[in-house]
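# can't give you the sequence, but here's the structure:
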Ligand code: RB5
């Protein structure tokens, strides 16, 4: 799997650890920034990841801010993105199974690295169930 990753300053500190978790699972990782913990605006990095995921068919994204809220709301403004703000294994698993999420979002100030690792495993290993869920997902785009 290929993952694009982006954060704001409030998600920056955990970014290298998340990249290492993905690489340990044989995922390709493309870091779209930022390059330091200097204050930035989360919509800018949400948009970079969202556009990359939409343009690169079959790829996925991870976006991180303080809460995960601003960066997931922003990513979802790009057509074709289904960014899921997750807090635990269950939400990460269901985001793939029922919502065909293509971006996993979480808050660095909300979840620790243990939860993040288990969410990444759930996200990577859970296929979209399709069927009635595909009908619903299709309606998201109108
Ligand atoms: C930055 O302080 C914080 O507002 C941002 O990371 C995020 O939590 C917004 O939703």
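In hand now; what should we look at? Every value quoted in this text rests on a predicted model; they were computed, and no experiment measured them. Residues are numbered from 1 along each chain as shown.

# leaving out the residues flanking it, which one is nearest to residue 25?
residue 124 (6.1 Å; C-beta to C-beta, 6 or more residues apart in numbering). C-beta here means a position set from N, CA and C on the backbone, and glycine is covered the same way.

# ok, the one you found - contacts?
1, 25, 27 (C-beta atoms under 8 Å, 6 or more residues apart in numbering).

# list the residues that contact the second one.
Contacts of residue 25 were listed using C-beta under 8 Å, 6+ apart, and they are 120-121, 124.

# can you add secondary structure, distance to residue 94 and pLDDT and give those back as JSON lines?
Below are the contacts of residue 25 laid out as JSON lines (DSSP: H, G, I helix; E, B strand; the rest coil; distance: C-beta to C-beta, whole Å; pLDDT from 0 to 100):
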{"residue": "120", "secondary structure": "helix", "distance to residue 94": "15", "pLDDT": "99"}
{"residue": "121", "secondary structure": "helix", "distance to residue 94": "14", "pLDDT": "98"}
{"residue": "124", "secondary structure": "helix", "distance to residue 94": "14", "pLDDT": "98"}
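
# just give me the closest of these to residue 66.
residue 120 (19.0 Å; C-beta to C-beta).

# I'd assumed residue 111 was in contact with that closest one.
No - applying C-beta atoms under 8 Å as the test, residue 120 and residue 111 come out as separate, 11.0 Å apart.

# the more surrounded of the two?
Neighbour count, other C-beta atoms under 10 Å: between residue 120 and residue 111, residue 120 has more, with 22 against 19.

# next, the closest residue to that one other than its chain neighbours: phi, psi?
Leaving aside its chain neighbours, residue 120 sits nearest to residue 21 (5.4 Å; criterion: C-beta to C-beta, 6+ apart). Phi and psi for residue 21, reported as degrees, to the nearest 10, are phi -60, psi -40.

# same check on the one 5 residues further on?
Residue 26 has phi and psi values of phi 60, psi 30 when expressed as degrees, to the nearest 10.

# that one: how many residues sit nearby?
Neighbour number of residue 26 under other C-beta under 10 Å is 8.
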